[in-house]
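In: with the sequence up front, the predicted model follows.
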Amino acid sequence: NEIKKAGFDAVKFQMHLPQYESTFEEEFRYKFSFTDKKRFDYWERTSFDIETWVHLVNISKDLGLKVGISPFSKKAVDICRNLKVDFIKIGSGEVFNNELLDYLNKEDNVIMSSGMSTLDETIKTFKTLKKKVKNISIMHCFSSYPCDLDELNLCTIKELKKHTKVDIGYSDHSGDLNVSMAAIAYGSDLIEVHCAF
């Protein structure tokens, strides 16, 4: 409800299914959890069951919000389709996950993120997905948390528009509202920000 009251028209969640993403022994690539010893433990602790997903999607739609989910496995894509989400968000780290990308099809509205790929890699992935999915747009971002202002490279928004002719957005990791406003000035069609209560 707070997201709707703040004026946003969509909400996006991440769907982690530990049994499809991680082994019991897999270490953290970067140790950030003081609670969990392994990645599997973290995914398991922060995952939702299907009833909770249905509840989250229904509440969001009842509020008039579009609902998107970032899946990290083919099983998660199946759940997204069953939940009838409005869009699937391919996160920056998944643009090289060919198994996941190959699983997308004409029933999927896709937003892909560019935070870990070069301009050429982003355009190449875009061209591949455009033939496969129902609709596609791209979110420019820089995958650093938080992102330093000198790393934003907002001019990439115009470059992506020129090369793709689809909606281009900006996914902000700076935490600075002024950056999102600057992205709009650079022609961003969509804005994504992290939400904290």
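Out: Structure received.

In: what's the closest non-adjacent residue to residue 21?
Out: Leaving aside its sequence neighbours, residue 21 sits nearest to residue 72 (C-beta to C-beta, 6 or more residues apart in numbering; 5.3 Å). Every C-beta, even on glycine, is put in place using the N, C-alpha and C of the backbone.

In: state the distance from the one you found to residue 182.
Out: Noted for residue 72: a distance of 30 Å to residue 182, by C-beta to C-beta, to the nearest Å.

In: what sits against the residue nearest to residue 21?
Out: Counting by C-beta atoms under 8 Å, 6 or more residues apart in numbering, residue 72 touches 14-17, 20-21, 91, 94, 97, 100.

In: which of these are buried?
Out: Buried subset of the contacts of residue 72 (neighbour count, 16 or more other C-beta atoms under 10 Å): 15-17, 21, 91, 94, 97, 100.

In: just send those back as TSV, with distance to residue 164 and secondary structure too.
Out: TSV is the format used below for the buried ones among the contacts of residue 72 (distance: C-beta to C-beta, whole Å; DSSP: H, G, I helix; E, B strand; the rest coil):
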residue	distance to residue 164	secondary structure
15	26	strand
16	29	coil
17	31	coil
21	29	helix
91	19	coil
94	19	helix
97	20	coil
100	20	helix
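
In: just the residues you listed now: which is nearest residue 83?
Out: Nearest to residue 83 among the buried ones among the contacts of residue 72: residue 15, at 9.3 Å, using C-beta to C-beta.
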